[in-house]
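Novice: Show me the folded form of this:
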Amino acid sequence: MAQVLVIDHEKCTSCRLCELACSERYGGAYQPSRAHIHVAIYPEDALYLPMVCMQCDDAPCIPACPSGALRRDSATNAVVVVAERCVGCRMCALACPFGAINYWDGKAHKCDLCGGEPECVRYCAPGALRYERVERYSHAARQAYADRLRGSLKEVVA
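Specialist: Numbers count the residues shown, from 1 in each chain. Just a heads-up that it's a prediction; the model follows:
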């Protein structure tokens with residue numbers, strides 16, 4: 001039974017504590033630009049969308065990496081960056097359908113589920129983020145959810 005990061009965008013209040021917790025864990029400072037999770041904010045519609053790596057079953061970022069810097073963690077099932085192998089080519093970011101791979105200091109950075117204890121979940125006061133066991137998890141279900149969100153965003157923008 002897998003554990004996955006579940007996002008309930010309807011509960012997100014855009015407090016951005018998830019960004020602060022993540023940036024502090026990975027960068028040692030409260031610097032949201034270095035967080036692995038970002039809240040997309042659409043104030044005119046009071047819409048807040050936490051955006052993070054969906055840890056796709058068939059992750060397109062892994063084969064896109066020419067240096068083999070991305071691999072699947074067997075314990076958490078997260079796609080992780082092996083920094084020593086990353087050459088900063090950004091091919092993984094081009095392949096990611098969620099825009100969840102960031103760059104700074106010449107290296108790729110992305111959510112690795114904090115080794116199985118996501119800081120963003122721990123500090124999400126409204127409960128928009130949960131890390132829970134699911135009996136059945138599929139890339140198709142997450143992709144369908146992302147497509148629905150994308151459709152909602154297109155309506156908001158139009």
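
Novice: Test for you: state the pLDDT assigned to the residue nearest the centre of the chain.
Specialist: What sits nearest the mean C-alpha location of the chain, by Cα atoms, centre = their mean, is residue 52, with 1.7 Å. Note on residue 52: pLDDT of 93.

Novice: Quick check: closest non-adjacent residue to it.
Specialist: Sequence neighbours aside, residue 37 is the residue nearest to residue 52 in space, at 4.2 Å (criterion: Cβ to Cβ, 6 or more residues apart in numbering). C-betas here are computed from N, CA, C, even on glycine.

Novice: what number of residues lie near that neighbour?
Specialist: Applying other Cβ atoms under 10 Å, we find 26 residues neighbouring residue 37.

Novice: and what of residue 126?
Specialist: 14.

Novice: likewise residue 128?
Specialist: Count around residue 128 with other Cβ under 10 Å applied: 23.

Novice: what's the answer for residue 46, then?
Specialist: Neighbours around residue 46, by other Cβ under 10 Å: 9.

Novice: Look up how far residue 77 lies from it.
Specialist: Distance, residue 46 to residue 77, using Cβ to Cβ, to the nearest Å: 33 Å.
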